[in-house]
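Visitor: Quick one, fold the following:
(2 chains)
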Amino acid sequence: MDTDNTARGGQRAGRYNHIAIEKKWQDVWEERGTFVAADSDPRPKLYVLQMFPYPSGNLHAGHVRNYVIGDAIARFWRMKGYNVMHPMGYDSFGLPAEQAAIDRKIQPADWIEQCISTARRQFKRYGFSFDWTREVNTSAPDYYRWTQWLFTTFYRQGLVYRKQIEVNWCEEHGVLANDEVKDGACWRCDREVSKKKMAQWLMRTTDYAQDLLEGLDDLPGWTQRVVKLQTNWIGRSEGTHADFAVPAITDSCPAGEQPVLRIYTTRVDTIFGCTFMAVAPDHPLAEAMAAAGNMSDKLATFQEECASEDVRFKVAEEKPKRGIPLGVNCINPFNGEEIPVWATNYVVSDFGTGAVMAVPGHDSRDHAFAREYGLPVRQVIRPADAAVEVDVQREAYTEKGLSINSGDFDNMDFHTAKAAMDNWLMHHHHGESAVQYRLRDWNMGRQRFWGAPIPMVHCTACGWQPVPDSELPVRLPAEADYSDIRVSPLANDEDWKRTKCPACGGAAERDTDTMTTFMCSAWYFLRFCDPHNDNAIFDPAKVAAWMPVDYYIGGQEHAVGHLLYSRFITMVLQKLGYLQLARPDFAGELPKLGNEPFRRLFNQGMVYKDGAKMSKSKGNVVSSDELADEYGADTARIFGLFGGPADQDLEWTTSGVEGGLRFLRRVYRLAQAVSAAPNLEDSLPEMAENAVRARHRAVAGVSEDLCNWRFNTAIAKQMEYLNELEKLWQQADGNDHSGAFRVALTSFAQLLSPFAPHIAEELWEMFDGPGLCADSEWPIHDPAMLVESTLELPVQVNGKLRGRITVAAAASAEDCLAAARANEDVARWLEGVSVIKEIVVPGRMVTFVVK
RNA sequence: GCGGAAGUGGUGGAAUGGCAGACACGCUAGGUUCAGGACCUAGUGAGCGCAAGCUCGUGGGGGUUCGAAUCCCCCCUUCCGCACCA
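Guide: Next up is the predicted model:
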């Protein structure tokens, strides 16, 4: 492939030279500040946001495809007259920088700086219409200062607390968030993950579980898929708390302080079928109960077994159900029945209350356990349809039905029984109806160097103290010492740790954990609205002017983590009064759920090559620089959009890229031929009219497809337009009538501009368009020009295509039928049969139903 | 197991109740060029046929309809989430 098409002798002068063209227009856009978004502008605003990358070296074809989607959208709406903000930045804290620093023996800050300048240069080679004046970088002190400010602000509001928790522990990468664990293994190194107890800072996301859930109703612009994923992740369930007394441990306690075994169940209607109690091995009362039942040693052994089991069995189904009796009984509050308490490996301590009323007749897990240990099975629910046979001894009946063997609650359906039983519990002070969420509080800390230091100081006298705002940012030390890679360099840096207590001024120590990068990226879209503010995290007026994000484009791997945390941060900031997204309506009322940051969400597909997702680790990347050198940014952009629907995965093929290049070369060649011809009045009016009609058709089709994010068909329509123009130009067979073609190609440039912006500018210039193509007003079509004077209609007989007729566009149904009957291919099928029905779909087809 | 998405030529994909395969890639033949992974023209779902044309055809089976890739029911396959959540 020539990289310099004009260099060789004998070439036709002016052959499409993507290198020269692309550089030329990138420089022009940069000089003129074409894509800088002004805060005050009379046009309506449109915030187009693309998930910012982790800058880990070179961009590849996968990134190109991802970002060209949002760029096409941003450019399209810009031309449609919107004041578009389309910013970009870098999510630059996190593990890979640290790994690179260890591998290459350089500082993470130096490494990431190189990566960022490479990424910025590579982005610019693709002509993305980013407003570079708004660039943010999460690892820069003037950014993480505000990440830290969020932490201390939330801490002062009581939203951050410290707790000993079991964390996911990877030997190589330390503590992992739940969403960093895949199938029981670390998402980065596939190493098995174990559990470890550690004091961590937690964010009270669970306080907002209900708000986060309800907010989803306000997001019709999100895909059902993501809404469902978040709904499941939050995992609301409605059930009942019920208290079971344990006389063996309460007898020795003073009245009023007697502990009870509290259970959570969604099937309180089955409580009369409860034949034993199952608690987690590490339930808070387990040891007390074991002590009372003389089972302490056995419980300790069991607890150890379970801890190692958690690591061995990644999938719950593979884990055999096991347990030990604790030697004590508890009392069912409804019937006073005494049932044994077991510690079991199938009850987890961090959901509900860590204790389960076991109903083997109506729960398959309890049933499996009861079978294993010979515990009794009792039926308390029967199917509403008496014809259905049920044998709970053989298999648990888990459907809802009517209560039996349940005392006063017999013959009630589920809802009646639950309401009556919840009411009974509340009345007798043994429980109440309850709601549970699967969502857990958010672990903020990582035992890593390359992150925003958690701005907390520990003083032996005053305890934990937040660093005052005036002392933010708490900067990372300039040098990280990686001689001992098992420990965070911060924890080993005595000079850095040593500080004064903000409260008493005495000697104190800094927290050596850094924040999860999910925190850094949970608010960057707000900072883009006011990226250089040194006095505040942002100016609420500027945020109110730009937010919410109108289009958010990114990978579906962030469907839960990043998007949920961003929603949470926005929600809390709004609640604390730092931010007001929802504007009061005319009555001064705030819309209930007007605090969602991302109005519409678009998940692009991934790019595959050789059957695997394109990634550096798979070794199947096509580098963006090579691609731009060899084929050009415009060609790569065209292929990325043309290869298939943007929300589906795309297989990267060289032949497909070449097809894109061929298309642009043909465009360029036609443009050159037309521009070289004398600009004269059209002497062939019919041909000129065909060119005009083709233009209106293309404008209508491309505009509609772009509104619906159908880039592949939009480009197909431009290819059709080009095919028509080429054919007409050939028919013109001369050069005394280029007027219509000049107009056609000027519009062509505009239609091409969102996809292949560099060549579009070149064509625009070639045909003397005013200013820049990127600044031009998107063309509109005249619907009257889409109406053809004659139509070709298919004719069906009994649903089978039998012929085609050509009729005037305005032809009546009678005329169509007459023309159809007159058609000899159709007439053959109408001979010797009786027509029982005639259907004319105007403009679409003619059908005869015969017998 | 539960939930979601998908299944159309040799390939990527179009068509969301009305001409299946737009637009490309690939392939075949011809042309053009000193040469080219350049360009142009024509052809290209399968089967039958000299042809006009006919039959079949959107994972499989059934249904609704004058008409189904599209709507409904059952089944199969693939991919992706979640998974002892009580």
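
Visitor: The host helix or strand of A:Ala278 pairs with which strands, parallel or anti?
Guide: Assigned by DSSP states H and E, A:Ala278 belongs to strand A:276-279. Strand A:276-279 has the following strand partners under DSSP bridges: strand A:338-344 (parallel), strand A:355-358 (antiparallel).

Visitor: Quick check: which of those strands is buried the most?
Guide: Comparing the strands paired with strand A:276-279 by mean neighbour count (mean count of other C-beta atoms under 10 Å), strand A:355-358 ranks first with a mean of 26. (Glycine included, C-beta is placed from N, CA and C.)

Visitor: on contacts alone, who are the packing partners of the helix or strand just after that one?
Guide: Once the chain leaves strand A:355-358, the next helix or strand it forms, by DSSP H and E, is helix A:364-373. With contacts taken as 3 or more C-beta pairs under 8 Å, 6 or more residues apart in numbering; DSSP states H and E, helix A:364-373 sits against strand A:276-279, strand A:338-344, strand A:355-358.

Visitor: Specify the stretch among these that is closest to A:Glu432.
Guide: For A:Glu432, the closest of these is strand A:355-358, at 15.3 Å, according to C-beta to C-beta.

Visitor: does any bit of that closest one sit next to RNA strand B?
Guide: Yes: using C-beta under 7 Å from any atom of the strand, strand A:355-358 reaches RNA strand B at A:Val356, A:Met357.

Visitor: Give me the contacts around that strand.
Guide: For strand A:355-358, the surrounding residues in contact (C-beta atoms under 8 Å, 6 or more residues apart in numbering) are A:242, A:244, A:261-265, A:271, A:274-280, A:283, A:332, A:342, A:347, A:366, A:369-370, A:375.

Visitor: Ignoring the adjacent residues along the chain, who's closest to the residue in the stretch 401-550 of chain A that RNA strand B sits nearest to?
Guide: As assessed by C-beta to the nearest atom of the strand, RNA strand B sits closest to A:Arg438 within the stretch 401-550 of chain A, at 3.9 Å. Residue nearest to A:Arg438 in three dimensions, not counting chain neighbours: A:Gly235, with 2.5 Å by C-beta to C-beta, 6 or more residues apart in numbering.

Visitor: Next, count neighbours for the one you found.
Guide: Residues near A:Gly235, counting by other C-beta atoms under 10 Å, number 15.

Visitor: Kindly report the same for A:Asp297.
Guide: If we define neighbours as other C-beta under 10 Å, then A:Asp297 has 9 of them.

Visitor: sec struct for it, please.
Guide: helix (DSSP: H, G, I helix; E, B strand; the rest coil).

Visitor: how close does it get to A:Cys330?
Guide: Note on A:Asp297: its distance to A:Cys330, by C-beta to C-beta, to the nearest Å, is 22 Å.

Visitor: Likewise for A:Trp729?
Guide: For A:Trp729, the distance to A:Cys330 - C-beta to C-beta - is 89 Å.

Visitor: Let me see the mean pLDDT of the one helix or strand A:Val699 maps to.
Guide: Assigned by DSSP H and E, A:Val699 belongs to helix A:685-707. For helix A:685-707, mean pLDDT rounds to 89.

Visitor: Pull the residues that contact it.
Guide: Counting by C-beta under 8 Å, 6+ apart, residues outside helix A:685-707 touching it are A:72-73, A:76, A:682, A:711, A:713-714, A:717-718, A:720-721, A:724-725, A:728, A:731-732, A:737, A:739-741, A:743-744, A:747-748, A:751, A:754, A:778-783, A:785-786, A:788.

Visitor: what's the burial count for the residue nearest to A:Gly644 when sequence neighbours are not counted?
Guide: Excluding the flanking residues, the one nearest A:Gly644 by C-beta to C-beta, 6+ apart is A:Leu650, at 5.4 Å. Applying other C-beta under 10 Å, we find 25 residues neighbouring A:Leu650.

Visitor: And the residue of the stretch 601-750 of chain A found nearest RNA strand B, its phi and psi?
Guide: In the stretch 601-750 of chain A, the residue found nearest to RNA strand B is A:Gly659; the distance is 2.8 Å by C-beta to the nearest atom of the strand. The phi/psi pair for A:Gly659 (degrees, to the nearest 10) reads phi -60, psi -40.

Visitor: Near it, how many residues? Count them for me, please.
Guide: A:Gly659, neighbours per other C-beta under 10 Å, totals 16.

Visitor: My read is that it contacts A:Gly643, right?
Guide: No: between A:Gly659 and A:Gly643 there is no contact under C-beta atoms under 8 Å: 9.5 Å.

Visitor: mind listing the helices in the stretch 501-650 of chain A by residue range?
Guide: Taking DSSP state H, counting those that start in this stretch, the helices of the stretch 501-650 of chain A run over residues A:517-520, A:524-527, A:540-546, A:561-575, A:624-630, A:633-642.

Visitor: What residues does the stretch 601-750 of chain A have near RNA strand B?
Guide: Selection of the stretch 601-750 of chain A residues close to RNA strand B by C-beta under 7 Å from any atom of the strand yields A:630, A:642-645, A:648-651, A:653, A:655-656, A:658-659, A:662-663, A:665-666, A:710, A:712-713, A:715-716, A:719-720, A:722-723, A:726, A:730.

Visitor: Just the ones of the residues you listed in strands?
Guide: Among those, DSSP state E puts A:Leu650, A:Glu651 in strands.

Visitor: Report the secondary structure state of the closest residue to A:Thr133 other than its chain neighbours.
Guide: In this structure, A:Thr133 finds its nearest non-sequential neighbour in A:Val36, 5.4 Å apart by C-beta to C-beta, 6+ apart. When classified by three-state DSSP, A:Val36 comes out as coil.

Visitor: What does A:Val36 show for phi and psi?
Guide: Torsion angles, degrees, to the nearest 10, at A:Val36: phi -70, psi 130.

Visitor: Same check on the one 10 residues further on?
Guide: Its backbone dihedrals place A:Leu46 at phi -140, psi 120, with angles given as degrees, to the nearest 10.

Visitor: now swap in A:Lys321 and tell me
Guide: Per degrees, to the nearest 10, the backbone of A:Lys321 is at phi -80, psi 130.

Visitor: contacting residues for it?
Guide: By C-beta under 8 Å, 6+ apart, the neighbours of A:Lys321 are A:Thr344, A:Asn345, A:Tyr346, A:Arg365, A:Ala368, A:Phe369, A:Glu372.

Visitor: Contacts only, for the last one.
Guide: Contact partners of A:Glu372, counting by C-beta under 8 Å, 6+ apart, are A:Pro320, A:Lys321, A:Arg322.
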